[in-house]
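Enquirer: fold the following, please.
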Amino acid sequence: MIKNSRAANKAGGHHSRLPVTNILPGIWAAKTLSLTTRILGHGGTTLPGRVALSLNPRIVSYLAGQTAYGNLIVSGTNGKTTTSSLITSILQEAGKSCIHNQSGSNMSWGIASALISNATLRGLISADYAILEVDEGALPAVTLETTPLGIVLTNIFRDQLDRYGEVDKVQQSIKKGLDSLSPGSFSVINADDPTLTAIVNNQDITTFTYGLEINLPDDDFQDSSRDLKTCPLCKEKLAYAKIYFAHLGHYQCPACQYKRPDPDVKLTGYQPGPGNKISLEIDLAGELISLNTPLPGIYNIYNLMAAATCAKALEVPGKNIVSALGKAVPAFGRMEFFKTAEMNITMALIKNPVGANEVLRTLITGKEENILLVAINDKIADGRDISWLWDVDFEKLLSVQELFPAIYLTGLRAQEMAVRLKYAGFSQEKLNVDKDTGRAFEQAINSHGSGKNLFIMPNYTAMLEIRRMLNNMGLGKAYWEEQ
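Expert: Now for the predicted structure:
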């Protein structure tokens, strides 16, 4: 197993130079605030961390430095929440104790809140690992603060254009995080993403790659929403032998010969089965495993592969990987399933063109009748720019519109979503538009006479609102973030 010496970790961080008396006020304030907000019926995964960091900016470094084996960071545009949850499950299956910012609050204050909630009043943490989902923009700073044992990277796509601009800026931020890793650490890289493989050049760390070695039936989604069409090195057009979705696949540059590396961990078998189960065969760098997973979609297969590769890097036994991934459930808001007496409910977060297209692909290939609820806000956490909706292939829904007896559009930008579907070819009479998310959700729930399934496609803050409503219906424990 790759090990990160706690002594080396402490030497690299700041917490060893901080008197405990400087740390405790922030911990006490955050715990008091967290307890108060929960008593009042709020989640509060942001504010406690913000307060703690305002009292001591080094509190993350101090707490993260106490884990027994080290810290693992998961970053990338799509799949962070699911992948970090899967890694946590695998390590717990192997008997390790883990801290995980499972609410999805992935900026420095969300990470501070997660660490503080697992600390004692004396500022002590007892855990083998901290598995931290980290926003791409926050990755360089969090890497320096937590001195991670490893970084797991999922992909790079366009997302929140008002925050990040284009893919190049995200790529630069992730590269800076990778370059900040301490010697002896490791990285886990999606070999099918040329935007990631192009930035791996830190010779002091061990790199593990993963990728797909399967054939999929051709469909219209595989080449949609490609954020990268040219070689990241010489800018000539990339040639693809296989495309799984967007720009993920088997690529090579005809000009400079830059190409996809041979992955260390490979998906060699993929077979959809009954009851939404998918059978997988994975080559774990020479160790062959087979498993069944309930997680739908090719995008979730990539998340499973990232988690399995991280576990392999940590030398977790294959039997623990098989057991944990076989019991996997969708992460918070990511293709979650709920059931009432009248209706089956699925909720799948959408936040950029690539992720939204993969949700549409899953929705269409399911071939089931669904009442559809699309909820779009433009709050700060969502990104103010919603122009990405015009890059989502909503036109593909038109050919199977008989599967959607009713369509509800809600959120602060419900009217703009209605315009988008109008240009996709939908009749405005088919669309029920109401900016009040609670009212639209209630109407969709009560329309079960039109069908037994409700499929909800919200962006981030709308998902938090709807998740709270589902929680109030007694449909599962919710985590939400006060904005």
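Enquirer: neighbours of Glu287, how many?
Expert: Neighbourhood size, Glu287 [other C-beta atoms under 10 Å]: 12. In short, each C-beta sits where N, CA and C put it, glycine included.
Enquirer: ok, so what distance separates the nearest residue to Thr146 once chain neighbours are set aside from Ile27?
Expert: Nearest-residue entry for Thr146: Ala64, 4.2 Å, with adjacent residues in sequence omitted and distances by C-beta to C-beta, 6 or more residues apart in numbering. Applying C-beta to C-beta, to the nearest Å, the value for Ala64 to Ile27 is 13 Å.
Enquirer: break the protein into its domains for me.
Expert: The chain resolves into domains spanning 69-95+125-326, 334-472 when parsed by automatic domain parsing.
Enquirer: how about those domains in CSV, adding distance to Asn106?
Expert: Formatted as CSV, those follow (distance: least, C-beta to C-beta, whole Å):
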stretch, distance to Asn106
domain 69-95+125-326, 5
domain 334-472, 11
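Enquirer: need the contact list for the closest residue in space to Asn292 that isn't next to it in sequence.
Expert: Leaving aside its chain neighbours, Asn292 sits nearest to Lys277 (4.9 Å; criterion: C-beta to C-beta, 6+ apart). Neighbour list for Lys277: 292-294 [criterion: C-beta atoms under 8 Å, 6 or more residues apart in numbering].
Enquirer: biggest helix in the protein, by residue count?
Expert: The longest helix of the chain (DSSP state H) is helix 20-39.
Enquirer: which regions of the chain lie under the pLDDT threshold?
Expert: Scanning the chain for pLDDT under 70 picks out the ranges 1-21, 38-45, 104, 159-166, 218-228, 274-276, 331-333, 448-451, 476-483.
Enquirer: and with 50 instead?
Expert: Counting by pLDDT under 50, the chain has low-confidence residues at 3-17, 161-162, 477-483.
Enquirer: stretch 313-323 spans what distance, first to last residue?
Expert: 17 Å (C-alpha to C-alpha, to the nearest Å).
Enquirer: could you do stretch 425-437 as well?
Expert: 24 Å.
Enquirer: who touches that stretch?
Expert: Outside stretch 425-437, the residues that touch it by C-beta under 8 Å, 6+ apart are 375, 395, 397-398, 401, 406-412, 414-415, 417-418, 421-422, 440, 443, 462, 465-466.
Enquirer: and the buried ones among these, selectable in ChimeraX?
Expert: Applying 16 or more other C-beta atoms under 10 Å to the contacts of stretch 425-437 leaves a buried subset, and the ChimeraX line that selects it is:
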select :375,397,406,407,408,409,410,411,412,414,417,418,421,440,443,462,465,466
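Enquirer: returning to that earlier point: who wins on neighbours among the contacts of Lys277?
Expert: Among the contacts of Lys277, Thr293 has the most neighbours (other C-beta under 10 Å), with 20 neighbours.
Enquirer: what is the burial count for Met347?
Expert: 23.
Enquirer: which other helices and strands contact the helix or strand where it lies?
Expert: Met347 belongs to strand 344-348 when assigned by DSSP states H and E. For strand 344-348, the packing partners by 3 or more C-beta pairs under 8 Å, 6 or more residues apart in numbering; DSSP states H and E come out as strand 334-339, helix 353-366, strand 453-458, helix 460-472.
Enquirer: the ones you listed into JSON lines, with extra columns for distance to Gly326?
Expert: JSON lines is the format used below for the helices and strands packed on strand 344-348 (distance: least, C-beta to C-beta, whole Å):
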{"stretch": "strand 334-339", "distance to Gly326": "17"}
{"stretch": "helix 353-366", "distance to Gly326": "20"}
{"stretch": "strand 453-458", "distance to Gly326": "25"}
{"stretch": "helix 460-472", "distance to Gly326": "26"}
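Enquirer: tell me the most buried of these?
Expert: Among those, the stretch with the highest mean neighbour count (mean count of other C-beta atoms under 10 Å) is strand 453-458, at a mean of 24.
Enquirer: what ranges do the strands span in the stretch 151-300 of the chain?
Expert: Here the stretch 151-300 of the chain has its strands, by DSSP state E, counting those that start in this stretch, at 186-190, 206-212, 239-245, 248-252, 265-272, 278-284, 287-293.
Enquirer: flag every buried residue along the second one.
Expert: Burial within strand 206-212, assessed by neighbour count using 16+ other C-beta under 10 Å, is assigned to 207-212.
Enquirer: quick one: closest of the domains of the chain to Val51.
Expert: Shortest distance between Val51 and the domains of the chain, using C-beta to C-beta, is found for domain 69-95+125-326: 17.2 Å.
Enquirer: distance between the ends of the closest one?
Expert: 25 Å.
Enquirer: so Cys98 versus Leu72, what's the distance?
Expert: 9 Å.
Enquirer: what sits in contact with each of those two?
Expert: In contact with both Cys98 and Leu72: 129-131, using C-beta under 8 Å, 6+ apart.
Enquirer: looking at the residues you listed, which one is closest to Leu53?
Expert: Of all the shared contacts of Cys98 and Leu72, Leu53 sits closest to Ala130, with 16.5 Å by C-beta to C-beta.
Enquirer: related to what we said a few turns ago, the strands of the stretch 151-300 of the chain into CSV, with extra columns for distance to Lys351?
Expert: As requested, those are exported to CSV (distance: least, C-beta to C-beta, whole Å):
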stretch, distance to Lys351
strand 186-190, 18
strand 206-212, 23
strand 239-245, 16
strand 248-252, 17
strand 265-272, 25
strand 278-284, 24
strand 287-293, 23
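Enquirer: from those strands, which stretch is densest packed?
Expert: Mean neighbour count (mean count of other C-beta under 10 Å) peaks for strand 186-190 among the strands of the stretch 151-300 of the chain, with a mean of 25.
Enquirer: helices or strands up against that strand?
Expert: strand 150-153, helix 194-197, strand 206-212, helix 298-313.
Enquirer: please redo it, this time with the cut-off set to 6 Å
Expert: Judged by 3 or more C-beta pairs under 6 Å, 6 or more residues apart in numbering; DSSP states H and E, strand 186-190 is in contact with strand 150-153, strand 206-212, helix 298-313.
Enquirer: I am finished for the moment; much appreciated.
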